[in-house]
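Engineer: below are the sequence and a predicted model; questions follow.
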Amino acid sequence: NLEIKNYRNDGQSGGPYANIDFFTGGTNADSPDYNPTRRMRIQQTGQVGIGTDDPESLLELRTDTSSGTFGAYPALTIRNDNAAGYGAIHFNEGSTQRARVEVGNNSGSPYMGLYATGAANGITILASGNVGIGTNDPGAPVDIQTGGNTQDGTFYSTMTINNTGSSTFSGLRYDRGGVA
């Protein structure tokens, strides 16, 4: 059974109405053991709560579980049934895309990408575990690629390690043969 209720925040009957609640469960509204469960609330502010009566943001999914089992913890699923397709969350300022999180299959090569603005090359994580910065196709566990940087006419990529909190050494260690 599905029941939808519209009522005032102060619990009084009569308008103006504030919240819309969606309930499921119960078998017969006339039965003394009828006890439907609230599943979703839309507040007069437009905030939507699933699993909560008092959402604190535009959309809040809430549950109380320690389970790591899919379906038991709160999750938002974005699904594309096309084998070569992808799904994305875009972060816009007005109509301008500022960043996006993209997950796709790329014709059999699963990846996750974090991109600033409309850039194609941000941070890409492949199913193999390879991470690319500045490349969508990292060929090593960490692959950093830049373009247009030159020093003495030679192209190069830069990685900076900066230790600002103590006098201990910061650096990048290369290990060729198991001894650092």
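Structural biologist: Yep, that arrived. Residues are numbered from 1 along each chain as shown.
Engineer: any weak-confidence spans in the protein?
Structural biologist: For the chain, the stretches flagged by pLDDT under 70 are 1-3, 7-17, 26-33, 70-71, 107, 118-120, 147-180.
Engineer: run through the strands of it in chain order.
Structural biologist: Assigned by DSSP state E, the strands in the chain fall at 2-7, 19-24, 37-42, 48-50, 59-61, 86-93, 96-104, 111-116, 123-126, 131-133, 142-144, 150-151, 154-155.
Engineer: taking strand 86-93 as reference, get the angle to the longest one.
Structural biologist: Angle, strand 96-104 to strand 86-93, by axes from the mean of the first three to the mean of the last three Cα atoms, to 10 degrees: 160 degrees.
Engineer: just checking, what packs against strand 96-104?
Structural biologist: For strand 96-104, the packing partners by 3 or more Cβ pairs under 8 Å, 6 or more residues apart in numbering; DSSP states H and E come out as strand 86-93, strand 111-116. (Glycine included, C-beta is placed from N, CA and C.)
Engineer: deepest-packed of those, please.
Structural biologist: The highest mean neighbour count among the helices and strands packed on strand 96-104, using mean count of other Cβ atoms under 10 Å, belongs to strand 111-116: a mean of 17.
Engineer: so what touches it?
Structural biologist: Identification of contacts with strand 111-116 by Cβ atoms under 8 Å, 6 or more residues apart in numbering yields 98-104, 121-127, 136.
Engineer: which of the strands of the chain sits closest to residue 76?
Structural biologist: strand 59-61 (6.4 Å; Cβ to Cβ).
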